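Trainee: Curious how this folds, go ahead:
(2 chains)
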Amino acid sequence: MSVLHALNALTGGVRRVNRAPAILGGMWLLTLAVSLPLALTMRDMLAQHLGASLTADRAAAGVNYDWMQEFADQASGVGVTFKPTIIGFGAVLDNLSGFLDNVPRPIVIIGAASAYIVLWMFAAGGILDRYARDRATRAHGFFPPSGVFFFRFLRLGVVQWLVYAALFGLVHPLLFDRFFGRITHDMTVERTAFALRVGFYIAFGIVLAACNLIFDYAKVRAIVEDRRSIVGAISAAVRFVRSNPAAIGLYAMNAALFVIVVAIYAIVAPGAGSAGASMWIGLAVSEIYIAARLWVKLVFWASEVALFQQRFAHAGYIAAPQPVWPESPAAEAIRA
Amino acid sequence: MRALRYLVVAYLLFSSAAFAQSNQPLSPRNANYTIDARLDVRSHTIAGSETIVWRNITSHAANELQFHLYWNAWKNDRSTFMRERALAGGGRAIPESDRSRIDISALKLTAPTAGDLTPHMHFVAPDDGNADDETVMAVPLPEAVPPGGSVTIELTWASHVPRTVARTGVIGNFYFIAQWFPKLGVLQDAGWNCHQFHAGTEFFSDYGVYDVSLTVPRNWIVGATGIERERRDNLDETRRHRFVQEDVHDFAWTTSPDFVERTARFEHPTLPPVDMRLLLQPEHASQAERHFAATRTTLKYYGEWYGPYPYGHITIVDPAFQSGAGGMEYPTLFTAGTRWLAAARVIVPEGVTVHEAGHQFWYGIVGNNEFEDAWMDEGINTFSTARAIAQVYDPNYLATRYFGGFVPWVFTDIVLSRETEGNRLAGYRHDARSDVQATPSYQYFPATGGSITYNKTALWLNTMERWLGWPALQRILSTHFDRWKFRHPTPHDFFEVTTEALGRDVGWFFDQVYRSSDIFDYGIQELKSAREQDHYRTTVVARRYGEATFPVDVKVTFTTGEPALEHWDGKARWKLFTYERAAQAVSAEVDPNHVLLLDVNLTNNSKSLAPNGGRAATKWSMKWMVWLQDHLLSWAFFV
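Mentor: Residues are numbered from 1 along each chain as shown, chains lettered A, B, ... in the order given. You can find the predicted model right below:
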């Protein structure tokens, strides 16, 4: 039964996301907007290093690994992240592995990522409200809940930050450095050590996913039930997840969607290519992948909203009334 | 029946002839060891006794003997090894149970006169005077050993096997035992050359015959230097393995109950056959042929280029995960190193296998002093490894390991080149100025010494190959190999052979690459090509940015496609080239054929009037942007 509920919610979530392409497009633009300035900075660095050199010809035509190493030797700031691992699917593995292994990143990247998170927090209110209403709200219906819930989600963000900081700052080192190091200290079979590490990833991933699940439903309940108290929203989320195993099943299904998207990209990810048409085709393919990742993220939220409404609420009950904006002073003059 | 009898007689004659041939000394055999050692796997200890017959082959009398006791390097943190390791910022703290020591309980002289020398043993620290270092022991002799004279010494000792450190020790059931017995230094005309154990250097000893008996648990497999001549079971569930090898300067061994054993044979139309024995970790059983193929590559190419491998057998040891014993050479035995997930078209395990097998030639056969001139084996071998790899494993690709280093991902866009990646240019570029290569290797800064020893030598040898041609360089290396096999050459000997083989002195080159830490960096500072009446006036300024000099070509290409090739001795700080031509210049490049592989900045080597830097930067910044977007999405998880 739970599986059916989860499946219904998933299809409902997919439908809701697909019916609001502007949100997907908007989030893609947001992702582009955050990444583009840094990409331009990187472009300047690379262009300056290449100068008028013939080295650039090989770098433009394919990969000039010698130049990449030469650049890396003198790079600083954001430049230190320019490595061969950015090519094709390597980029995804680099990030996924870096995420699971808690690899530190340069401060510039952390800064950009923090800004990105804040922007997501702002957009979250509008996005969830749109998916809860399941009808077009347009910009004037999107931004008010974004504004209203931004500060509530900022408060939730503080709690999230504390939890995730504890997970990555305390639990992760404990698990992967101390325990893993201690258990494998005398291990002479790599296969066993790897299996153990996978086990640790799974264990850590489950804890991480559990927290993520609670925070997702805290947001959903805050929006759908117009909750002001974040502590209340979190405890309500815990209650909901506890009494609805379908929420866990749904999360697993969404995670499977993520795996499918990543797996497809592993097959189609463009390589280095040249600086001609293949560069643009490669970029297009990669941006489709980025959009697909965003789509999965939105499906997570939309399906969770759908499940919550399906299990606990009804469509008419959801969300605060649409804000009614006061008329412009000009209206009086017009009437007159 | 008669035919069978003939066959048996013929076999006996052949074997005795072969035996006689193998007994022809290839080396001076002046340091001969008979060792009997018993490993206790419960207490991680070795109890041993050894008899050394040593002959003085110098022109001076010897008043004392000096021994290496390498395992005392990890006795405490005050040893020179540990202090240098700390200086290099490496290594974890060693708990007491993982430490090692070697204690000699008795040292007796048995010939030409008998006497107990035990009370006279004392530690010396010839390199740094560190009173806490116990890696060199000296003992005065009651009577000096004259040139050509011999002494026989008997030692009894016990040692504690460390958890693997510096490629020796134990982890789990895997033992790799190297530098493990009291070993004589090398007496030279200038006195004993017996350095303390340093964090960044290797070893030096005389050639001799090793007859070593090892007692280990009965069902454990043993691999060692030499050939197993005898195997005897004891009543206490142990087994005694006797290995013998002539004309080597060290003895190492390994034992484990877990090894998977494979054998194969190297055969070649002109080189002697070699029996290969591979001791693999069970999880790497599927990679046996990769190890054999890589070893064959070395035996073939090094054999063809430098000279044959004379021992007829070789043992390849695949060390256990986390043993840290991989990638090390010992006579007729070496450790390779691979991973459970080893991707195709990536040279793991081939790179390390070719390299360590190559050390049988450069270290094993030509026995330079690794404490002082490590470049003579490590550098020449790094160059040779890259050259051999390029013959067989081309193309090979860059792979990066993810998820705790367990999962490899191959970047098929990035073909690794012999000239830069094989010779490790990136590491050299970073550490180029850290030390003068002529400095004794043990005095290099520990953290960067490798770049000077391995990378720089490989780069300057490959530069010589591109400059003088392979036949000339091969003549140098094969002459050096032939002249100095089973002996101890010095850098001077190498340079002398170079002059002889080339018929001219290239000392100016060695002054820069060997006797200096100056860097090479040539570039095009300026390229202009402007119309003047009915022609274009093109000016090119080539510049020497580095201190070191080397003759380089400068190539200027014009719109007609016709190039102008100039030769510049590279000595001045800059050189102007001017052209009055009907065609406009397109580009200028210094060292267009990349002869000078030591050039630390290749990007400034050229200039184009139709630059592609912008296009390339756009392409790569877009690739990077996708990485960043994906990275941002990882962070979006937290929202």
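Trainee: Tell me the helix or strand right after the helix or strand containing residue B:301.
Mentor: Assigned by DSSP states H and E, residue B:301 belongs to helix B:288-305. The helix or strand immediately downstream of helix B:288-305 is strand B:313-317, counting by DSSP H and E.
Trainee: which residues sit against the helix or strand where residue B:389 lies?
Mentor: Under the criterion of DSSP H and E, residue B:389 resides in helix B:380-392. Identification of contacts with helix B:380-392 by Cβ atoms under 8 Å, 6 or more residues apart in numbering or on different chains yields B:293, B:297-298, B:301-302, B:305-306, B:347, B:350-351, B:354-355, B:358-359, B:361-363, B:396, B:418, B:422-424, B:454-455, B:457-458, B:461-462, B:477. C-betas here are computed from N, CA, C, even on glycine.
Trainee: repeat for stretch B:473-486
Mentor: B:26-28, B:207, B:247, B:305-307, B:361, B:365-368, B:380, B:384, B:461, B:464-465, B:489, B:493-494, B:497-498, B:500-502.
Trainee: Only C-alpha atoms, please: export it in PDB.
Mentor: Extracted as PDB, the C-alpha positions of stretch B:473-486 are listed here (Å, rounded to 0.1, in the frame of the first residue of the first chain):
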ATOM      1  CA  LEU B 473      72.500   8.000 -26.200                       C
ATOM      2  CA  GLN B 474      72.000   4.200 -26.500                       C
ATOM      3  CA  ARG B 475      75.800   4.000 -27.100                       C
ATOM      4  CA  ILE B 476      76.400   6.000 -24.000                       C
ATOM      5  CA  LEU B 477      74.100   4.000 -21.800                       C
ATOM      6  CA  SER B 478      75.100   0.600 -23.200                       C
ATOM      7  CA  THR B 479      78.800   1.400 -22.900                       C
ATOM      8  CA  HIS B 480      78.300   2.600 -19.300                       C
ATOM      9  CA  PHE B 481      76.200  -0.500 -18.600                       C
ATOM     10  CA  ASP B 482      78.800  -2.900 -20.000                       C
ATOM     11  CA  ARG B 483      81.700  -1.200 -18.400                       C
ATOM     12  CA  TRP B 484      80.300  -0.800 -15.000                       C
ATOM     13  CA  LYS B 485      78.200  -4.000 -14.600                       C
ATOM     14  CA  PHE B 486      78.700  -5.600 -11.200                       C
END
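Trainee: Would you tell me which residues of the stretch 451-600 of chain B are close to chain A?
Mentor: Contact residues (Cβ under 8 Å from any Cβ of the partner chain) of the stretch 451-600 of chain B with chain A: B:527, B:587, B:589.
Trainee: any idea how far residue B:502 is from residue A:302?
Mentor: As for residue A:302, its distance to residue B:502 is 76 Å (criterion: Cβ to Cβ, to the nearest Å).
Trainee: thinking again about what came up before, tell me which entries of the contacts of helix B:380-392 lie within helices.
Mentor: Of those, the ones assigned to helices by DSSP state H are B:293, B:297-298, B:301-302, B:305, B:350-351, B:354-355, B:358, B:457-458, B:461-462, B:477.
Trainee: which among these end up buried?
Mentor: Neighbour counting with 16 or more other Cβ atoms under 10 Å in any protein chain shown marks B:297-298, B:301-302, B:305, B:350-351, B:354-355, B:358, B:457-458, B:461-462, B:477 as buried within the ones in helices among the contacts of helix B:380-392.
Trainee: and of these, the nearest to residue A:119?
Mentor: Each of those was checked against residue A:119 using Cβ to Cβ; the closest is residue B:351, at 45.9 Å.
Trainee: now the strands: where do they sit in the stretch 1-150 of chain B?
Mentor: Counting by DSSP state E, counting those that start in this stretch, the segments of the stretch 1-150 of chain B that form strands are B:31-40, B:45-55, B:62-68, B:101-111, B:115-116, B:122-123, B:136-145, B:150-160.
Trainee: Just send the ones you listed back as JSON lines, with mean neighbour count, distance to chain A and mean pLDDT too.
Mentor: Output for those, formatted as JSON lines (neighbours: other Cβ atoms under 10 Å in any protein chain shown; distance: least, Cβ to the nearest Cβ, whole Å; pLDDT from 0 to 100):
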{"stretch": "strand B:31-40", "mean neighbour count": "20", "distance to chain A": "17", "mean pLDDT": "98"}
{"stretch": "strand B:45-55", "mean neighbour count": "19", "distance to chain A": "18", "mean pLDDT": "98"}
{"stretch": "strand B:62-68", "mean neighbour count": "20", "distance to chain A": "28", "mean pLDDT": "98"}
{"stretch": "strand B:101-111", "mean neighbour count": "16", "distance to chain A": "21", "mean pLDDT": "98"}
{"stretch": "strand B:115-116", "mean neighbour count": "12", "distance to chain A": "41", "mean pLDDT": "98"}
{"stretch": "strand B:122-123", "mean neighbour count": "14", "distance to chain A": "32", "mean pLDDT": "98"}
{"stretch": "strand B:136-145", "mean neighbour count": "17", "distance to chain A": "32", "mean pLDDT": "98"}
{"stretch": "strand B:150-160", "mean neighbour count": "19", "distance to chain A": "17", "mean pLDDT": "98"}
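Trainee: So which of the ones you listed is nearest residue A:126?
Mentor: Closest to residue A:126 of those is strand B:150-160 (Cβ to Cβ; 68.5 Å).
Trainee: Low-confidence ranges, the stretch 1-150 of chain A, go.
Mentor: Under the criterion pLDDT under 70, no range of the stretch 1-150 of chain A is flagged.
Trainee: picking up where we left off before, mind checking which of the residues of the stretch 451-600 of chain B next to chain A are in strands?
Mentor: The subset of those located in strands under the criterion DSSP state E comprises B:527, B:587, B:589.
Trainee: So which of the residues you listed is the closest to residue B:148?
Mentor: Distance to residue B:148 across those (Cβ to Cβ) is lowest for residue B:589, with 60.6 Å.
Trainee: And the host helix or strand of residue A:304, what does it pack against?
Mentor: Residue A:304 is located in helix A:277-312, with elements delineated by DSSP H and E. With contacts taken as 3 or more Cβ pairs under 8 Å, 6 or more residues apart in numbering or on different chains; DSSP states H and E, helix A:277-312 sits against helix A:2-18, helix A:21-50, helix A:107-133, helix A:190-224, helix A:230-243, helix A:246-268, helix B:613-636.
Trainee: if you compare these, which one is most tucked away?
Mentor: Compared across the helices and strands packed on helix A:277-312, helix B:613-636 shows the largest average neighbour count, a mean of 23 (mean count of other Cβ atoms under 10 Å in any protein chain shown).
Trainee: what's near enough to touch the residue positioned nearest the centre of chain B?
Mentor: Compute the mean C-alpha point of chain B, and by Cα atoms, centre = their mean the closest residue is residue B:378, 3.5 Å away. Residue B:378 is in contact with B:202, B:362, B:370, B:453, B:454, B:457, counting by Cβ under 8 Å, 6+ apart.
Trainee: quick one, what contacts the second one?
Mentor: Spelled out, that is residue B:362. The neighbours of residue B:362, taking Cβ under 8 Å, 6+ apart as the test, are B:368, B:376, B:377, B:378, B:380, B:381, B:384.
Trainee: Adding distance to residue B:54, write the helices and strands packed on helix A:277-312 out as TSV.
Mentor: Conversion of the helices and strands packed on helix A:277-312 to TSV gives the following (distance: least, Cβ to Cβ, whole Å):
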stretch	distance to residue B:54
helix A:2-18	80
helix A:21-50	59
helix A:107-133	61
helix A:190-224	43
helix A:230-243	78
helix A:246-268	63
helix B:613-636	62
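Trainee: out of those, which comes closest to residue B:595?
Mentor: Distances from residue B:595 to each of those were compared using Cβ to Cβ; the shortest belongs to helix A:21-50, at 22.7 Å.
Trainee: Which strands and helices lie in contact with the closest one?
Mentor: The helices and strands touching helix A:21-50, judged by 3+ Cβ pairs under 8 Å, 6+ apart, are helix A:65-74, helix A:107-133, helix A:277-312, helix B:613-636.
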